[in-house]
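Participant: sequence plus predicted model, see below.
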Amino acid sequence: DAEITQSPRHKITETGRQVTLACHQTWNHNNMFWYRQDLGHGLRLIHYSYGVHDTNKGEVSDGYSVSRSNTEDLPLTLESAASSQTSVYFCASSDIGRVEAFFGQGTRLTVV
Amino acid sequence: GNSVTQMEGPVTLSEEAFLTINCTYTATGYPSLFWYVQYPGEGLQLLLKATKADDKGSNKGFEATYRKETTSFHLEKGSVQVSDSAVYFCALNGNQGGKLIFGQGTELSVKP
């Protein structure tokens, strides 16, 4: 079955380290998104991509970057992890012309 | 800009009680509206959607009607079960390439 997978599911890292969270989808969707989930805020958009080599900033993009070298993957990089980036991160994808998005299982990141 | 507001939780109900979770939105144009559900330790799953005014989305006994006149998309279920315990997110897609805007989430706890 087609799916969207995130790895790792849990990660603990130290302040100042670079961290990369992986997202891989097998639906061949053009659109991919990264959100973070924090209590009281719901999900907020970090970055998104509408296709290979396309990347765009979302609502809370400071301190994060993404790159899209193929259709299947959109890795999220925290350049220098900060405690404020402790959160649960969700990757999602959607197809052109479809309004709904499909989500991965999430990555719980703790920055100590 | 576009935004979603949903009732604060947590909401605690007894099994077989009637459920309403309120959701209102602000958007230009004609957004698509969604309810996503997050079970403990899992990612978000699409519960139901509505893409135009007066549409009713339904799934697993849950319903929500797209009311443009009141800018609302309230989630209802006639008889909740313990297995419905989860966090529910209302979201909209302003037809901007699939980007979703979420409410803050409402935690539902159903007691036997």
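Facilitator: Alright, I've got the coordinates.

Participant: surely residue A:77 meets residue A:65?
Facilitator: Yes: using Cβ atoms under 8 Å, residue A:77 is in contact with residue A:65, at 4.9 Å. C-beta coordinates here come from the backbone N, C-alpha and C atoms, glycine included.

Participant: and stretch A:82-102, average pLDDT?
Facilitator: For stretch A:82-102, mean pLDDT rounds to 92.

Participant: oh sorry, the question was meant for stretch B:82-92
Facilitator: 96.

Participant: list the contacts of that stretch.
Facilitator: A:42-43, B:2, B:4, B:6, B:9, B:15, B:19, B:21, B:23, B:25, B:27, B:31-40, B:44, B:47, B:73, B:75, B:77, B:100-103, B:105-112 (Cβ atoms under 8 Å, 6 or more residues apart in numbering or on different chains).

Participant: and the buried ones among those residues, selectable in PyMOL?
Facilitator: For anyone working in PyMOL, the buried entries among the contacts of stretch B:82-92, judged by 16 or more other Cβ atoms under 10 Å in any protein chain shown, can be selected with:
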select buried, (chain A and resi 42+43) or (chain B and resi 2+4+6+19+21+23+25+27+31+32+33+34+35+36+37+38+44+47+73+75+77+100+101+102+103+105+106+108+110)
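
Participant: so where do the strands sit in chain B?
Facilitator: B:3-6, B:11-14, B:19-21, B:23-26, B:32-38, B:44-50, B:56-59, B:62-65, B:75-77, B:86-93, B:100-102, B:106-111 (DSSP state E).

Participant: how about the residues of chain A by chain B?
Facilitator: A:31, A:33, A:35, A:40-45, A:48, A:50, A:58, A:90, A:92, A:94, A:98-106 (Cβ under 8 Å from any Cβ of the partner chain).

Participant: which residues does residue A:12 bridge with?
Facilitator: residue A:110 (DSSP bridges).

Participant: same check, this time on residue A:90
Facilitator: residue A:35.

Participant: pretty sure it contacts residue B:44?
Facilitator: Yes: here residue A:90 reaches residue B:44: they are 6.7 Å apart, a contact under Cβ under 8 Å.

Participant: mutual contacts of the two, please.
Facilitator: A:43, A:103.

Participant: which residue is nearest the middle of chain A?
Facilitator: residue A:34 (3.1 Å; Cα atoms, centre = their mean).

Participant: got any ranges where the chain has weak pLDDT?
Facilitator: Unless you meant another one, I'm taking chain A. A:1-2 (pLDDT under 70).

Participant: I was thinking of chain B, sorry if that wasn't clear
Facilitator: Using pLDDT under 70, the flagged stretches of chain B are B:96-97.

Participant: now the nearest residue to residue B:111 once chain neighbours are set aside: how far from chain A?
Facilitator: Nearest non-adjacent residue to residue B:111, counting by Cβ to Cβ, 6 or more residues apart in numbering or on different chains: residue B:14, 5.6 Å away. Between residue B:14 and chain A the computed distance is 25 Å (Cβ to the nearest Cβ, to the nearest Å).
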